[in-house]
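K.L.:
Got a predicted structure plus its sequence, pasted below:
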Amino acid sequence: MAQAWAFFLLALFSFSSYVSKLFVCSRNGEGSFLCARSPQVPSIASERYRTAYHFQPPKNWMNDPNGPMYYNGIYHSFYQYNPHGALWGDIVWGHAVSTDLVNWIILEPAIERDTPGDINGCWTGSATILPGGQPIVIYTGGDAENHQVQNIMLPKNRSDPYLREWTKAGNNPVLQLVGPGFNSSQFRDPTTGWIGPDGLWRIAIGAEVNGYGAALLYKSEDFLNWTRVDHPLYSSNASGMWECPDFFAVLPGNNGGLDLSTVIPEGAKHVLKVSLDQCDKYMIGVYDLKRDAFSPDTVLDDRRLWLKIDYGNYYASKSFFDSKNSRRIIWGWTNESDSSSDDVAKGWAGIYAIPRAIWLDSDAKQLLQWPVDEIESLRGNEINHQGLELNKGDLFEIKGIDTTQADVEIDFELTSTDDAEPFDPSWLLDAEKHCREAGASVHGGVGPFGLVILASDDMEEHTVLHFRVYKSQQKYMILMCSDLRRSSLRPELYTPAYGGFFEFDLEKERKISLRTLIDRSAVESFGGGGRLCIIARVYPVALADERRTHMYAFNNGSTTVKVPQLKAWSMMTAQVNVKKG
Ligand code: DQQ
């Protein structure tokens with residue numbers, strides 16, 4: 001059933017014809033990595049790289065999700081959008097609506113830069129539904145002096161089901177930041193509001209105070225007039241500026257969401273998410289109502305150890321309570337990983353990750369995420385395998401679906417953990433380094449096993465998703481990697497090996513699941529039932545060339561791994577780019 005691993009290894013790592021063409025390229029001057037210079041690659045401006053079911057506007061630049069909400073039967077998604085081109089700039093709020101979070105109607109931008117409080121940009125903000133069902137949005141504007149200030153906008157006509165037109169409050173900007181230690185160019189991205197026991201509204205705003213990251217806390221009676229509380233919701237000297245804070249409540253082991261503005265049940269925890277270091281990090285803790293402050297359960301001085309919402313290309317996420325299905329949904333922005341000139345050539349840049357349900361694990365130690373069920377409506381042709389066994393060196397080709405647009409669910413069952421190698425806690429500081437050093441070709445005790453996707457006929461291009469199992473005192477630590485180092489022969493791409501570790505109770509559960517949504521240039525993976533998520537961007541030449549790509553399950557560890565269940569579907573194209581008036 002399996003081809004020889006030797007072939008894979010050979011194809012994977014004997015790039016003799018390419019080695020001579022390797023050169024060092026860098027992205028934004030940060031670090032350096034090897035990338036292959038291919039003599040002849042088709043233009044990157046290929047429709048084949050546009051995603052088929054990950055949201056993106058028909059053209060131009062998109063970044064952060066803004067003000068997501070469910071209102072009167074419609075999901076609203078706003079997004080940072082440049083109406084004039086494929087690079088960041090001239091930012092307005094793009095607007096799209098949906099009834100199912102899968103198919104979207106793109107509307108005219110909801111707000112543009114046309115008042116003194118936002119003449120230099122309408123940046124990130126959040127929506128809140130006030131009692132009586134009034135939606136209200138608070139967002140950051142760049143004013144004429146390039147100070148960051150906060151503005152309010154409201155729908156013009158609440159009986160329009162799409163809330164197409166929005167109007168700005170007369171007293172904008174409603175918030176400005178002055179005072180010693182504050183920096184008015186580091187004051188942005190207000191959260192959704194919540195009500196405290198005193199009946200007053202609260203919001204938090206990302207800031208840098210005296211050089212440290214902070215979520216400043218504000219209170220208001222009417223959501224229009226705000227006063228700063230003299231202490232932040234939370235701050236930490238472990239980092240600088242916090243962008244896009246998100247604050248919400250979760251119940252351990254309960255995947256039903258909570259609305260922050262209702263009474264929070266006993267036993268609930270709170271989560272503070274902040275965006276920094278090009279990723280979204282979070283802390284789980286307690287919101288002390290008396291002190292009106294958040295305290296993390298564990299304070300980690302080294303921010304490299306902070307948990308991440310996603311260990312790949314994911315930033316500026318924002319969550320909202322979906323009252324239709326009583327769940328919390330989180331959306332994040334996934335940037336391109338090509339060059340700016342590639343983006344100009346393509347005429348577009350930026351997608352959303354699939355909206356994910358997000359909840360707290362029963363041990364209250366980490367968040368779990370899973371693509372919203374609605375995405376399964378796009379599943380088409382299905383293939384199913386049961387009872388596979390992958391011995392060391394086995395490579396099993398998964399055929400019969402569209403390997404460039406697919407949803408793959410696979411369970412790996414360990415036949416033994418005796419050969420699990422010892423875990424070194426220092427690896428937690430740099431899991432990506434560990435993914436590079438312990439890649440798919442490096443044979444191990446338990447793992448690496450996983451999937452090879454978007455592989456060209458000759459394997460010169462391929463992306464690898466894999467796990468390794470390590471033994472750590474009483475528990476097991478699982479490494480999950482999304483290794484893009486051979487994902488494309490195209491030059492000047494950012495092709496890291498993303499990765500992270502999660503704890504797993506292998507005594508209780510011997511199966512480690514992997515779900516991967518492949519969507520042309522997007523690869524979004526969920527390991528261990530949503531314990532660790534990695535989204536990545538890939539641009540295989542074979543895809544633009546309309547050549548076949550292959551998908552394999554593999555094992556390169558000494559321990560045999562069973563695959564009791566493997567299901568995969570071709571995914572249909574969502575209606576995302578249909579413009580309606
Ligand atoms: N993007 C917005 C800012 C935010 C940043 C500007 C995060 O409001 O801090 O487009 O990506």
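P.N.:
Received it, and whenever you're ready, just let me know what you need. Fair warning: this is a prediction, and the values are worked out from it, not measured in the lab.
K.L.:
From E409, how far out is the closest residue in space to L368 that isn't next to it in sequence?
P.N.:
Closest residue to L368 apart from its sequence neighbours, by C-beta to C-beta, 6 or more residues apart in numbering: G530 at 4.2 Å. No exception for glycine: its C-beta is placed from N, CA and C like everyone else's. Distance of G530 to E409, given as C-beta to C-beta, to the nearest Å: 12 Å.
K.L.:
Of the two, which one has the most company?
P.N.:
G530 (22 against 14; other C-beta atoms under 10 Å).
K.L.:
mind pulling up the phi and psi values for the residue lying closest to R304 once chain neighbours are set aside?
P.N.:
Closest residue to R304 apart from its sequence neighbours, by C-beta to C-beta, 6+ apart: L429 at 5.0 Å. As for L429, its main-chain torsions (degrees, to the nearest 10) stand at phi -70, psi -20.
K.L.:
Hmm, W306 and L429 touching each other?
P.N.:
No. The pair L429 / W306 is not scored as a contact, 11.4 Å apart, by C-beta atoms under 8 Å.
K.L.:
Could you check how many residues crowd around R531?
P.N.:
21.
K.L.:
show me the contacts for it.
P.N.:
361, 366, 368, 502, 504 (C-beta atoms under 8 Å, 6 or more residues apart in numbering).
K.L.:
do that again at 10 Å, thanks
P.N.:
When contacts are counted by C-beta atoms under 10 Å, 6 or more residues apart in numbering, R531 touches 361, 366-369, 478, 480, 500-504, 512-513.
K.L.:
Narrow those residues to just the buried residues.
P.N.:
361, 367-369, 478, 480, 500-504, 512-513 (16 or more other C-beta atoms under 10 Å).
K.L.:
pLDDT value on the residue nearest to R304, please?
P.N.:
According to the predicted model, the pLDDT of L429 comes to 97.
K.L.:
From the ligand, how far out is it?
P.N.:
Distance, L429 to the ligand, using C-beta to the nearest ligand atom, to the nearest Å: 25 Å.
K.L.:
Can you verify my assumption that that residue contacts L305?
P.N.:
Yes. With contact defined as C-beta atoms under 10 Å, L429 and L305 form a contacting pair (7.1 Å).
K.L.:
Show the contacting residues for the residue nearest to L368.
P.N.:
With C-beta under 10 Å, 6+ apart, G530 has these contacts: 255, 356-359, 361, 366-371, 502, 513, 515.
K.L.:
Likewise for T140?
P.N.:
66, 117-118, 121-125, 148-151, 173, 175, 187-190, 205-206.
K.L.:
do T404 as well
P.N.:
Per C-beta under 10 Å, 6+ apart, neighbours of T404: 48, 52, 453-454, 518-521, 540, 542-543, 546, 548-549, 551, 570-571.
K.L.:
quick one: I129 is in a strand?
P.N.:
Yes. Using DSSP: H, G, I helix; E, B strand; the rest coil, the assignment for I129 is a strand.
K.L.:
Would you check how far apart the residue nearest to L368 and the ligand are?
P.N.:
24 Å.
K.L.:
Now that residue: which helix or strand?
P.N.:
Following DSSP states H and E, one finds G530 outside all helices and strands.
K.L.:
of all of the stretch 301-450 of the chain, which residue lies closest to the ligand?
P.N.:
A316 (4.1 Å; C-beta to the nearest ligand atom).
K.L.:
on that earlier part again, from the contacts of R531, which shows the smallest pLDDT?
P.N.:
Lowest-confidence member of those: F504, scoring 92 (pLDDT).
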